[in-house]
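Q: I'll drop the sequence and a predicted model, then ask my questions.
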Amino acid sequence: MTEAFYDKLAAIRHEIHQNPEVSEREYNTTEFLKGYLSELGIKIIETDLRTGVIAEIGSGQPVVALRADIDALPIKEKNTFDYASKNGAMHACGHDFHQTSLLGAAELLKAKEDQLNGTLRLIFQPAEEVSKGAYAVLETGVLDDVSAIIGYHNMPFLKPGQIGLRSKAIMAAVEKFKVTVKGVSGHAARPDLGVDTVLTITSMVNNLQAIVSRTVSPFEPTVLSVTHINAGSTWNVLPSEGFFEGTIRTFTKENRQHMRQQFTTIVEQTAQQFGAQVEISWGQTPNVTYNDEELTPLIFENSKKFAEVIEVGPSTGGEDFAAYQEKIPGVFAFIGGNGEENAPDLHHDTFIVKDEALPVAVNYFVENAQLLLNYFSKKASE
Ligand SMILES: [Zn+2]
Ligand SMILES: [Zn+2]
């Protein structure tokens, strides 16, 4: 990558960072991306997506998709550098970096379009943070003829220049639960005449913590976190209703099912014990991000040409990239974005990705896109 191109990409990232837009409202971001791609002469594919951009380079079979997410978070940025957010939202997950690297890759791949062995479909995906974008993209049908898809997430614990990768599960399946408990309101001095919502909820929260520790193998990574409880409004009234919510993270289909079943059983039994009514609702959330066992080793080897590639353990974070992998083979990598000892984590209000990390991210797309086109062309001619 030339110095001038690097400077250009860094400036683009700063521009996007300064003007973040939250999930499903990435309107200006979408316009910016479309404008930039059009200026490069890259074909935009019209879909009914309200935000996000699908574009295409090359022609014919096979088709390989490259995906970057574009949405920001409703977090007030605490960084003070000159390109910090100026609108109250924040690219605290580094999706500004992801989309910039795909733009950079698009520019380099467009320049060698006549040498490409097929079509590259660029997916600038909206609404990753709310687990909706990948499903919306799939619904447009733009992945129907795609042989494989690649994507990545920047990782604060890896240094610029490093790529973390593993076959099979790399990120967790996510559950989002909300449990609403209905007791019987009454005077705090006569709990015997009511049904105690507070005690029911706190007992549920306690009992739920026994699922992972007592019913799941210690060799099976599993998380259950209750993160938000709400009940009551004053000191001398037993509230009639309350709720709690949180998340479960698992790495296999069987364990995901086991956790949901156990969760439901414990919540219902605890409600019964206290005579309360209960309702559980589950959010629409991603499955496990599962890296294709045939393609991942190829990308692992190929990436050594431009990066230090490390075999990493799975992350208990989730990714809606998993939705693509349920339909087509996919590879999702972690790309070093910081690497400092106290690097703020993703979603932190002082989160920061280093510009120096851009070249490896661009190369990840450029080199592996061509690798996969060649791989599938060869396979088709065999
Ligand atoms: Zn995020
Ligand atoms: Zn993210």
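A: Okay, I see it. Ligands and ions are numbered 1, 2, ... in the order given.

Q: is residue 360 in contact with residue 158, as I believe?
A: No. The criterion here is Cβ atoms under 8 Å, and residue 360 misses it with residue 158 at 9.9 Å. For the C-beta atoms, the positions are set from N, CA and C on the backbone; glycine is no exception.

Q: what's the overlap in contacts for the two?
A: Taking Cβ atoms under 8 Å, 6 or more residues apart in numbering as the contact rule, residue 360 and residue 158 both touch 335, 336.

Q: and the longest helix belonging to the chain, what does it pack onto?
A: When the chain is parsed with DSSP state H, its longest helix is helix 358-381. Secondary-structure packing of helix 358-381 (3 or more Cβ pairs under 8 Å, 6 or more residues apart in numbering; DSSP states H and E): helix 3-18, strand 63-69, helix 95-111, strand 148-155, strand 162-165, helix 295-303, strand 330-336.

Q: contacts for the last one, please.
A: Going back to what we said before, that points to strand 330-336. Residues from elsewhere that reach strand 330-336 (Cβ under 8 Å, 6+ apart): 148-155, 158-165, 170-171, 289, 291-292, 295-296, 299, 303, 312, 315, 319, 321, 324-325, 357, 360-361, 364, 368.

Q: and those residues, which are buried?
A: Using 16 or more other Cβ atoms under 10 Å as the burial test, these include 148-155, 158-160, 162-165, 170-171, 289, 291-292, 295-296, 299, 303, 312, 315, 319, 321, 324-325, 357, 360-361, 364, 368 as buried.

Q: three-state assignment of residue 281?
A: Assigned with DSSP: H, G, I helix; E, B strand; the rest coil, residue 281 falls in the strand class.

Q: now it, nearest residue through space, not along the chain?
A: Leaving aside its chain neighbours, residue 281 sits nearest to residue 178 (5.0 Å; criterion: Cβ to Cβ, 6 or more residues apart in numbering).

Q: next, that neighbour: secondary structure please.
A: strand.

Q: can you pull the contacts of it?
A: Contacts for residue 178 (Cβ under 8 Å, 6+ apart) come out as 243, 244, 245, 280, 281, 283.

Q: from residue 230, how far out is the first one?
A: Between residue 243 and residue 230 the computed distance is 6 Å (Cβ to Cβ, to the nearest Å).

Q: got it, and residue 318?
A: 24 Å.

Q: can you list the domain ranges for the chain.
A: The record's domain parsing of the chain by automatic domain parsing lists 3-171+288-381, 173-282.

Q: would CSV of these with mean pLDDT be doable?
A: Listed next are those as CSV, based on pLDDT from 0 to 100:
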stretch, mean pLDDT
domain 3-171+288-381, 98
domain 173-282, 97
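
Q: picking up where we left off before, so residue 243 and residue 230 - more neighbours on which side?
A: Taking neighbours as other Cβ atoms under 10 Å, residue 243 and residue 230 compare with residue 243 leading, 18 against 13.

Q: specify the beta-bridge partners of that one.
A: residue 180, residue 230 (DSSP bridges).

Q: and it, what does it touch?
A: 178, 179, 180, 181, 201, 229, 230, 231.

Q: the fifth one: helix or strand, and which one exactly?
A: Spelled out, that is residue 201. Using DSSP states H and E, residue 201 falls within helix 197-215.

Q: which outside residues touch that helix?
A: Contacts for helix 197-215 (Cβ under 8 Å, 6+ apart): 179, 181-183, 222-224, 226, 229, 231-232, 238-244, 258-259, 262-263, 266-267, 270-271, 273-274, 276, 278.

Q: next, residue 270: secondary structure please.
A: Per three-state DSSP, residue 270 ends up helix.
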